[in-house]
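A.B. asks: Dropping the sequence and predicted coords here.
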Amino acid sequence: MQIENEFGQPVGRLVLNWSPRLLPQRIQLDGNHCRIKPLDISHAESLYQSFSQSPDKRSWTWLSDEAPQNLQQYKNWVHHVTQKSDPLFFTIFDKQNGAAIGVFSLMRIDANNGVVEVGHVHFSTLLSGTIMSTEAHWLLMQYVFNSLGYRRYEWKCNSLNNPYHRAALRLGFHYEGRFRNALVTKGRNRDTDWFSIIDSEWPMVNDALQAWLSDSNHINNKQIKSLSTIRKSLLLVEG
């Protein structure tokens with residue numbers, strides 16, 4: 001049903017009892033497989049070693065920063081970004097061995113409107129494609145929606161970054177469109193693809209992620225049902 005004001009103009013629905021949300025904090029989040037901590041200079045060496053497990057620098061292609069040539073350069077980068085509160089960077093740790101295996105951030109934080117983006121996602125080969133990678137994203141989503149009460153959680157990526165495009169859809173983000181000529185990154189044009197999860201979608205996304213992460217859905221760290229299959233089955237039940 002369309003809502004109209006006193007002039008007969010269409011207007012958005014009321015957001016009852018809305019108030020600005022708190023800014024994300026430098027907190028620790030614990031899952032069954034991974035632990036998330038605010039990025040710190042003490043994590044730099046372990047992170048650098050994890051990223052160095054890759055035989056090449058392809059994981060840096062779509063990042064805004066160039067690959068560091070040595071540990072000191074990476075430490076300099078960590079020192080630089082940890083001085084900021086937006087982006088607010090976090091380190092992902094393997095709970096089994098304590099290794100720092102990836103980073104991501106909350107950025108473009110708009111507490112007044114309850115909007116935030118997950119960005120600067122850089123997972124080492126020790127993290128990509130593992131249960132920990134999905135759990136890490138779920139933990140950050142839980143923090144944003146359940147603890148902070150935000151309304152919108154964004155994911156943006158280079159339109160040519162097909163792996164990240166697929167990852168966003170797999171996690172439950174909705175594709176919203178492409179911003180053409182959005183940026184110049186490393187001297188090259190970047191068209192940016194936009195994705196989001198909003199608060200009304202979060203319960204379904206959350207249920208699907210929890211079902212996928214459950215021990216009953218894995219044998220020897222291999223999934224029984226895919227995340228998309230689980231989400232489709234939940235949609236059928238609700239429908």
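C.D. replies: Thanks, I have it. Residues are numbered from 1 along each chain as shown.
A.B. asks: Please enumerate the helices of this structure.
C.D. replies: Remark: helices assigned in the chain by DSSP state H are 44-51, 71-81, 131-142, 162-171, 202-213, 227-238.
A.B. asks: quick one, which of those helices is packed in tightest?
C.D. replies: Mean neighbours per residue, mean count of other CB atoms under 10 Å, is largest over these for helix 131-142, with a mean of 21. Heads up, the C-betas are built off the backbone N, CA and C, glycines and all.
A.B. asks: any idea of the pLDDT on the nearest residue to Ile198 once chain neighbours are set aside?
C.D. replies: Distance criterion CB to CB, 6 or more residues apart in numbering; nearest residue to Ile198, sequence neighbours excluded, is Arg152 at 5.2 Å. Here, the pLDDT recorded for Arg152 equals 98.
A.B. asks: was I right about Arg152 contacting Val118?
C.D. replies: No. Look at Arg152 against Val118 with CB atoms under 8 Å: they stay out of range, at 11.5 Å.
A.B. asks: So those two - more neighbours on which side?
C.D. replies: Val118 (25 against 18; other CB atoms under 10 Å).
A.B. asks: Would you agree the more buried one is in contact with Ala136?
C.D. replies: No. Look at Val118 against Ala136 with CB under 8 Å: they stay out of range, at 10.1 Å.
A.B. asks: Please convert the helices of the chain to JSON lines, extending it with mean pLDDT and distance to Val11.
C.D. replies: Below are the helices of the chain laid out as JSON lines (pLDDT from 0 to 100; distance: least, CB to CB, whole Å):
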{"stretch": "helix 44-51", "mean pLDDT": "98", "distance to Val11": "48"}
{"stretch": "helix 71-81", "mean pLDDT": "97", "distance to Val11": "40"}
{"stretch": "helix 131-142", "mean pLDDT": "98", "distance to Val11": "30"}
{"stretch": "helix 162-171", "mean pLDDT": "97", "distance to Val11": "31"}
{"stretch": "helix 202-213", "mean pLDDT": "97", "distance to Val11": "25"}
{"stretch": "helix 227-238", "mean pLDDT": "88", "distance to Val11": "29"}
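A.B. asks: right, and those helices - which one's nearest Leu14?
C.D. replies: helix 202-213 (19.9 Å; CB to CB).
A.B. asks: Report the angle between the closest one and helix 227-238.
C.D. replies: Helix 202-213 and helix 227-238 are oriented at 130 degrees to each other (axes from the mean of the first three to the mean of the last three CA atoms, to 10 degrees).
A.B. asks: tell me the contacts of Cys34?
C.D. replies: 92-95, 132, 135-136, 139 (CB atoms under 8 Å, 6 or more residues apart in numbering).
A.B. asks: make it 6 Å
C.D. replies: Neighbour list for Cys34: 92, 95, 132, 135-136 [criterion: CB atoms under 6 Å, 6 or more residues apart in numbering].
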